[in-house]
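Enquirer: Quick one, structure for this:
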Amino acid sequence: MTSPIPSIAILSPAEAEAALPDLAALLLACVLDGASIGFVLPFRLAEAEAFWRDGLPALRSGARRLLAARHEGLVVGSAQVGLAGPPNGRHRAEITKVLVHPRARRRGLGRALMLAAERVAADEGRSLLILDTRADDAGEALYRSLGYAVTGVVPDYACSPAGVPEPCTFMHKRL
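Expert: Okay, here's the model as predicted:
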């Protein structure tokens, strides 16, 4: 990818379902490239497709928004905004699965996805964002640069794609 940052859109449930092959390919590429986003190797395309398919009910209910960035018709990035919560937590949202295809990295797409996710959360009346990321990963540096503060670090919180326990940094930002 050599062109400017692709446009980012909120996918409807029907659009997300139609984009399942692209979304699965994106997720698979990120995991195979070492992204610590909840999956361990071996990881196959069918598992990636199942992840996205299992998320469709949350999109349909409005509990989650899915943002996608397309380049030349293919999904090269995504982010999710979780809006569900108990009545005393409806002021916050969780940013999850911020994915940028390895071939599309280092061009500002992760930043653009995060800013778009923040706009979605603000438009939904959310004033506090939370997220987690592998400690000391490139994602942590990005989130810090966007004004996210470290809430805490939990050692051995999640396993890397290779199955090795790693620390996780929890972060937050007030909108």
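Enquirer: Would you mark the buried spots in the top helix by length along the chain?
Expert: With DSSP state H setting the assignment, residue counts place helix 45-61 as the longest helix in the chain. By neighbour count on 16 or more other CB atoms under 10 Å, the buried set for helix 45-61 is 48-49, 51-52, 55-56, 58-59. Heads up, the C-betas are built off the backbone N, CA and C, glycines and all.
Enquirer: Over to stretch 136-143?
Expert: 137, 139-140, 142-143.
Enquirer: Kindly report the same for stretch 126-134.
Expert: Within stretch 126-134, the residues that count as buried by 16+ other CB under 10 Å are 126, 129-134.
Enquirer: any low-confidence regions in the protein?
Expert: Applying pLDDT under 70 to the chain flags residues 1-4.
Enquirer: swap the cut-off to 90 and go again
Expert: Within the chain, the segments meeting pLDDT under 90 span 1-7, 84-85.
Enquirer: In it, mark out all the helices, start to finish.
Expert: 13-18, 20-32, 45-61, 109-123, 138-145.
Enquirer: so can I have JSON lines of those showing distance to residue 96?
Expert: Output for the helices of the chain, formatted as JSON lines (distance: least, CB to CB, whole Å):
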{"stretch": "helix 13-18", "distance to residue 96": "14"}
{"stretch": "helix 20-32", "distance to residue 96": "12"}
{"stretch": "helix 45-61", "distance to residue 96": "10"}
{"stretch": "helix 109-123", "distance to residue 96": "9"}
{"stretch": "helix 138-145", "distance to residue 96": "12"}
